[in-house]
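Student: Here is a sequence with its predicted model. Questions after.
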Amino acid sequence: MKKAVPAVSGILVGFLAATVFFADFTTQGTSTSATPTGEKSTAEKVYIPFGQQDEYYMFASGGHSGQLFVYGVPSMRRIRTVPVFSPDSATGYGFDKETKEMLGGFRWGDFHHPAFSEKNGEYDGKYMFATDVANNRVAVMDLSTFVVKDILKVPNTVGPHCAAFVTQNSEYLFLPTRFSAPIGQQYASLDDYKTKYNGFMSAVKMNEKTKKLEVAWQVKLPPWSYDLSDAGKKVSGDWAVVTTYNTEEATTNMEINASQKDRDYILLFNWRELEKMVREGKADTINGVKIIDPLKVKSGLYLVPVAKSPHGVDVTPDGKRFIASGKLAPAMTVFSFEKAFEAIKNNKITEQVKGIPVLDYASVMEREVNPENALGPLHTQFDDKGMAYTTMFISSEIVKWDPNTGKTLDRVPVQYSPGHSVSAEGDSVSPDGRYIVALNKLAKDTYLSVGPSHPESMQLIDLASDKMRVIQSAPVDPEPHYAQMIKADKIKTIEVYPKDETNPNAVYQQKNARIERKGNEVHVYGLAMRSKFIFDDKAKRKDTIEVKEGDKVVIHLTNVDFDEDITHGFGINGYDQDIEVQPGETKTLEFVANKAGTFPLYCTNFCSALHQEMNGYLLVQPK
Ligand SMILES: [Cu+2]
């Protein structure tokens, strides 16, 4: 690692010009045979024989695909793509009535951050939360089915980039703003940016009973960009931290204008105190949302100066420190919660910015860590011994270091330009220390070429010994921004959906399959089974739906194959309609038959040897 690097100003220019400096690569462990010491070979470490399964699930956000990618670790095999914020014809997501309504008419989403629900700071394997930077939404997925249960459109928080990080007992997930805007996203000239624009931080809760998400309260913040966040743990369990940039309050040419000051801030807040203020009526109610204004309250919110334009801020597993990664400054800054609490108690306040007290930097900072030639620190994860692993975007490596001393312990090159990384159970109070995966933004020459644009790349790094070693590499579609890795045995999936006799749309017996007409609405109560559809048990052709042009058609379809993995699809040729019913599930498809003609319908999801025969007709009589 003796490669010469340019001075800091050069780094900045290089960064802005999107030039990537690569670390000095040494040969990686790519052997396929066991070492003389009997240690497993690299290939053996990632090989999962048939009949065995991976040790971890990795959930990687799919960025602007709006999807979630589920991988097995250590094999790095992609197991599933789960649609979250975008429609998906493979699963009929966004086509059936229920999920179509949930997507709220949006055709895309920008899924940035997945976060597991937690109990006592441990991932509990029950839910996964997700945020959509594109359309200000937050979603919750049930991990017993890997299906999204609810999507909430969050008002005022415009581009919730740095969420979702959940508190240690899943009390809240916080969604701060990437983009500042006037409240309600109403029109205001950019000339009035400083007075009419605001950042917002939303505290979102899930109702465990209904599995619905709701905005509990919000905090009005200065018109800055809020980048990443983390919830506190243990001693800092009532707190959370958020990085900011553009404290310059620039409104154009951001790559230059939002990087002028040497320091931005970390927003440090006590959510229990803010929650209490809301309970005590200290929040304003605007458009039905309780909003705390820092100009009107005296505590609960603080700013800590930090090296300019930080990206990640990560709380150590013991909850004692938070570590900011510089992005535009080649350093990680270690802050102490204990020191911050002392500084608050002793009023070590240097100034007030927009009603928020700024804590004295030296009173809160523990050390600045600057590994030699390591450039573009973005995000830090941890192992079971509390050691830190920081991704270096510009020098394309992961640096292992000791937060207690700042000493660099090891470094490993990755290909290329890692954004985030994810270590096994890495955001919990007890990381496993087994693996870390670099989420690389550029693959370049890593895989067979697919044209000018390449996939992103995820590299699995073994942490079994003191020396980090890349042991597997997997392509991934654009674009994982963040991932979390959970012990596989924590997730308990169901095999089939249980019968729901209270559901008026469900039909479990063939004799109950029927078609009812109400005026110009046709309601079909049908079922799917290997290998046929029954829409009307009394009809001459039970698998045909006949309607009139202009009718509203409502098809309720139940999959009565109570047998794991026997999913049926239901697609209508030429009608752009396509849903899926998993074993035991009932779904509704609703559309207007606005085209007369003959339209075959068929099972789209291979289900049996006679799957090809599983079809019928939608006949639409002309007016
Ligand atoms: Cu089928």
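Tutor: Thanks, I have the structure now.
Student: Now do the contacts for the residue lying closest to Val412 once chain neighbours are set aside.
Tutor: Nearest non-adjacent residue to Val412, counting by C-beta to C-beta, 6 or more residues apart in numbering: Met468, 4.1 Å away. Glycine gets a C-beta too; all of them are placed from N, C-alpha and C. Shown in contact with Met468 (C-beta atoms under 8 Å, 6 or more residues apart in numbering): Ile398, Lys400, Asp410, Arg411, Val412, Ile436, Ile461, Asp462.
Student: swap the cut-off to 6 Å and go again
Tutor: The contact partners of Met468, taken as C-beta atoms under 6 Å, 6 or more residues apart in numbering, are Asp410, Val412, Ile461.
Student: before we move on, what about Arg367?
Tutor: Val334, Gly406.
Student: if I look at it, how far off is Arg321?
Tutor: To Arg321, Arg367 is 10 Å away according to C-beta to C-beta, to the nearest Å.
Student: follow-up on the earlier one: return the closest of the contacts of Met468 with respect to the ion.
Tutor: Ile461 (41.9 Å; C-beta to the ion).
Student: Is Lys100 within a helix or a strand, and which one?
Tutor: Per DSSP states H and E: Lys100 is located in helix 97-103.
Student: meant to ask about Phe174, not that
Tutor: Assigned by DSSP H and E, Phe174 falls in strand 173-176.
Student: Would you map the helices across the stretch 51-200 of the chain?
Tutor: 97-103, 193-196 (DSSP state H, counting those that start in this stretch).
Student: Also the stretch 251-400 of the chain?
Tutor: Going by DSSP H, counting those that start in this stretch, the stretch 251-400 of the chain shows helices at 254-257, 271-279, 337-345, 361-364.
Student: May I see those arranged in JSON lines, with mean pLDDT and distance to the ion as well?
Tutor: Converted to JSON lines, the helices of the stretch 251-400 of the chain look like this (pLDDT from 0 to 100; distance: least, C-beta to the ion, whole Å):
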{"stretch": "helix 254-257", "mean pLDDT": "86", "distance to the ion": "51"}
{"stretch": "helix 271-279", "mean pLDDT": "97", "distance to the ion": "48"}
{"stretch": "helix 337-345", "mean pLDDT": "98", "distance to the ion": "55"}
{"stretch": "helix 361-364", "mean pLDDT": "97", "distance to the ion": "61"}
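Student: Just tell me which of these ends up closest to Glu521.
Tutor: Shortest separation from Glu521 across the helices of the stretch 251-400 of the chain is recorded for helix 271-279, at 44.6 Å, computed as C-beta to C-beta.
Student: Pull up the residues of this structure that are close to the ion.
Tutor: The chain has residues His568, Cys603, Cys607, Met614 near the ion, with proximity defined as C-beta under 5 Å from the ion.
Student: could you dump the residues you listed to a markdown table with pLDDT?
Tutor: Shown next, in a markdown table, are the residues of the chain next to the ion (pLDDT from 0 to 100):
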| residue | pLDDT |
| --- | --- |
| His568 | 98 |
| Cys603 | 98 |
| Cys607 | 95 |
| Met614 | 97 |
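Student: that older thread, any chance you could list residues touching both of Arg367 and Arg321?
Tutor: Val334.
Student: helices or strands next to the strand holding Phe174 in the packing?
Tutor: Using 3 or more C-beta pairs under 6 Å, 6 or more residues apart in numbering; DSSP states H and E as the contact test, the elements touching strand 173-176 are strand 199-207.
Student: quick one: the closest residue to the ion within the stretch 451-600 of the chain from Ser608, how far?
Tutor: Closest to the ion within the stretch 451-600 of the chain is His568: 3.7 Å, counting by C-beta to the ion. According to C-beta to C-beta, His568 and Ser608 sit 10 Å apart.
Student: what pairs with Thr544 across the strands?
Tutor: Note on Thr544: beta-bridge partners by DSSP bridges are Tyr617.
Student: Measure how buried the residue in the stretch 51-200 of the chain that the ion sits nearest to is and give me the count.
Tutor: Distances between the stretch 51-200 of the chain and the ion by C-beta to the ion are smallest at Gly92, namely 12.8 Å. By other C-beta atoms under 10 Å, 24 other residues sit near Gly92.
Student: Checking my notes, Pro475 in a helix, right?
Tutor: No: looking at Pro475 with DSSP: H, G, I helix; E, B strand; the rest coil, it is strand, so not inside a helix.
Student: I'd like to know how far it sits from Leu463.
Tutor: For Pro475, the distance to Leu463 equals 22 Å [C-beta to C-beta].
Student: same question, Gln53
Tutor: Gln53 is 21 Å from Leu463, by C-beta to C-beta.
Student: picking up where we left off before, of the contacts of Met468, which count as buried by neighbour count?
Tutor: Buried subset of the contacts of Met468 (neighbour count, 16 or more other C-beta atoms under 10 Å): Asp410, Val412, Ile461.
Student: Please name the residues that touch the last one.
Tutor: Contact criterion C-beta under 6 Å, 6+ apart gives Ile436, Met468, Val470 as the residues in contact with Ile461.
Student: so where is this structure shaky, pLDDT-wise?
Tutor: Within the chain, the stretches with pLDDT under 70 are 1-37, 163-164.
Student: So if we follow the domain assignment, how does it break up?
Tutor: 56-490, 510-621 (the TED database).
Student: winner for burial among those domains?
Tutor: Scoring the domains of the chain by mean neighbour count under mean count of other C-beta atoms under 10 Å gives domain 56-490 as the most buried, with a mean of 20.
Student: Burial check on Pro622, number of neighbours?
Tutor: If you count neighbours by other C-beta under 10 Å, Pro622 ends up with 9.
Student: May I have the phi/psi pair for it?
Tutor: phi -60, psi 150 (degrees, to the nearest 10).
Student: now it, nearest residue through space, not along the chain?
Tutor: Pro622 sits nearest to Ala596 (C-beta to C-beta, 6+ apart), 3.8 Å away.
Student: Would you check that the one you found makes contact with Lys623?
Tutor: No: at 7.1 Å, Ala596 does not count as touching Lys623 under the criterion of C-beta atoms under 6 Å.
Student: any shared contact partners between those two?
Tutor: In contact with both Ala596 and Lys623: Glu549, using C-beta under 6 Å, 6+ apart.
Student: Just to be sure, which of the contacts of Ile461 are found in strands?
Tutor: Judged by DSSP state E, strands contain the following of the contacts of Ile461: Ile436, Val470.
Student: any chance of the contacts of Ile461 in TSV, plus distance to Leu175?
Tutor: Shown next, in TSV, are those (distance: C-beta to C-beta, whole Å):
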residue	distance to Leu175
Ile436	26
Met468	33
Val470	34
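Student: And the strands in the stretch 1-150 of the chain?
Tutor: 56-61, 67-73, 77-83, 111-119, 122-132, 137-142, 147-153 (DSSP state E, counting those that start in this stretch).
Student: As TSV, those strands with distance to Glu39 would be great.
Tutor: What follows is these, written out as TSV (distance: least, C-beta to C-beta, whole Å):
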stretch	distance to Glu39
strand 56-61	21
strand 67-73	19
strand 77-83	23
strand 111-119	32
strand 122-132	29
strand 137-142	38
strand 147-153	41
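Student: Verify the stated contact: Asp293 with Leu221.
Tutor: No: applying C-beta under 6 Å, one finds Asp293 not in contact with Leu221, separated by 9.7 Å.
Student: Okay, helices next: where are they in the stretch 401-550 of the chain?
Tutor: Using DSSP H, counting those that start in this stretch, helices in the stretch 401-550 of the chain do not occur.
Student: Show me the strands in it, by range?
Tutor: 408-413, 418-423, 435-440, 456-462, 469-476, 483-487, 514-518, 521-529, 532-534, 544-548.
Student: Please state the offset of the fifth one from the chain centre?
Tutor: Between the mean C-alpha point of strand 469-476 and the mean C-alpha point of its chain there is a distance of 21 Å (C-alpha atoms, centre = their mean, to the nearest Å).
Student: Send me stretch 69-85 as CSV with only the CA atoms.
Tutor: C-alpha atoms of stretch 69-85 as CSV (Å, rounded to 0.1, in the frame of the first residue of the first chain):
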residue,chain,number,x,y,z
PHE,A,69,-32.7,-9.2,-3.8
VAL,A,70,-32.4,-12.1,-1.4
TYR,A,71,-29.1,-14.0,-1.4
GLY,A,72,-27.7,-17.0,0.5
VAL,A,73,-24.3,-16.6,2.2
PRO,A,74,-21.7,-18.0,1.8
SER,A,75,-22.7,-19.4,-1.6
MET,A,76,-23.8,-16.0,-2.8
ARG,A,77,-26.6,-17.6,-4.8
ARG,A,78,-29.5,-15.4,-5.5
ILE,A,79,-32.6,-17.1,-4.0
ARG,A,80,-35.4,-14.6,-4.7
THR,A,81,-36.3,-11.3,-6.0
VAL,A,82,-39.1,-9.7,-4.0
PRO,A,83,-40.9,-6.8,-5.6
VAL,A,84,-41.4,-4.0,-3.0
PHE,A,85,-41.9,-0.6,-4.7
